[in-house]
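Trainee: Sequence first, then the predicted structure, then my questions.
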Amino acid sequence: MITSYAAPEASHRYVLDLVRGADRDRFLAALFAAEPARRGLLALLAFDHELARTRTVTREPMLARIRLEWWREAVAEAVGAGKPREQPIVESLSEISRRHGLTADRLTALIDAREEEVEGPLDVMKAGHALADLQLDVLGVRGVASRTAARAVGAAWLMGPGPERDALLADARAGRSEVDLVALPILLPALTLGRTMSPWRKPLAYWWAARRGRY
């Protein structure tokens, strides 16, 4: 039976500082989630950041796969019943995985998507969908329209400018009237794709969009 686990506050602070510095747009959007879901979204973004760093940490495919294997083992510990390894992201991930019922399969799907990038191009659809599914689980959102929008934004976030990204964003907004507003913290980053926005204006734009249920 999976038991609850409370990560040290220092681990949650580490995660918050990491995401704020490395992924500011999605950090700002995550702040619109209520606790404890906010903490869960930040843990997932920190996890995603560490996986994405694999290609920059090492250019050697074998070493990259070893690093990803470490994360597979860490994920198994995070969702288990025992104490996870002492690493801030793993500890934070363990708390939110057990609280929200995240499964090893869901978490490993994100690792698998990033492993394809070791010796080839990233499958942005696979990686974007994997993270979006985890984020929706943390938010407790189950609707089809919300999942379609979240997956589209997740994939678009990993793309460069172009018609394919524009099409995904259009898909994400097409069913906006049916999207659960609880999912806004993972949809708001769509506002920054394809437009230049000053650092001071961005939080205000997110706030105004969240009030109106837009993204």
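Mentor: Sure thing, it's come through. Source: prediction; values computed, not measured. Residues are numbered from 1 along each chain as shown.

Trainee: switch to C-alpha atoms for all contacts and neighbour counts from now on
Mentor: Noted.

Trainee: Might one say that residue 32 is in contact with residue 185?
Mentor: Yes - in terms of CA atoms under 8 Å, residue 32 counts as a neighbour of residue 185; the distance is 5.5 Å.

Trainee: With residue 27 as the reference, measure out to the most centrally placed residue in the chain.
Mentor: Geometric centre of the chain, nearest residue: residue 45, 4.1 Å, by CA atoms, centre = their mean. From residue 45 across to residue 27, the span is 8 Å (CA to CA, to the nearest Å).

Trainee: Equivalent analysis for residue 190, please.
Mentor: Noted for residue 190: a distance of 13 Å to residue 27, by CA to CA.

Trainee: now do residue 156
Mentor: Residue 156 is 17 Å from residue 27, by CA to CA.

Trainee: Which elements pack onto the lengthiest helix in the chain?
Mentor: In the chain, taking DSSP state H as the definition, the longest helix is helix 61-78. Packing partners of helix 61-78 (3 or more CA pairs under 8 Å, 6 or more residues apart in numbering; DSSP states H and E): helix 54-57, helix 88-100, helix 104-115.

Trainee: Would you single out the least confident of the ones you listed?
Mentor: Among the helices and strands packed on helix 61-78, helix 54-57 carries the lowest mean pLDDT, a mean of 87.

Trainee: can you pull the pLDDT of the residue nearest to the centre of the chain?
Mentor: With respect to pLDDT, residue 45 scores 98.

Trainee: again with residue 1
Mentor: pLDDT for residue 1: 46.

Trainee: Same check on residue 194?
Mentor: On the pLDDT scale, residue 194 is placed at 83.

Trainee: Need the three-state assignment for it.
Mentor: In three-state terms, and counting by DSSP: H, G, I helix; E, B strand; the rest coil, residue 194 is coil.

Trainee: excluding its backbone neighbours, what's nearest it?
Mentor: Spatial nearest neighbour of residue 194, chain neighbours left out: residue 161 (6.7 Å); criterion: CA to CA, 6 or more residues apart in numbering.

Trainee: Got the phi and psi for the one you found?
Mentor: The phi and psi values for residue 161, taken as degrees, to the nearest 10, are phi -60, psi 150.

Trainee: what's around it, how many residues?
Mentor: The number of residues packed near residue 161 is 12, by other CA atoms under 10 Å.

Trainee: Show me what counts as buried in the lowest-mean-pLDDT helix or strand in the chain.
Mentor: The weakest-scoring helix or strand in the chain, judged by mean pLDDT, DSSP states H and E, is helix 54-57 (a mean of 87). By neighbour count on 16 or more other CA atoms under 10 Å, the buried set for helix 54-57 is 54, 55.
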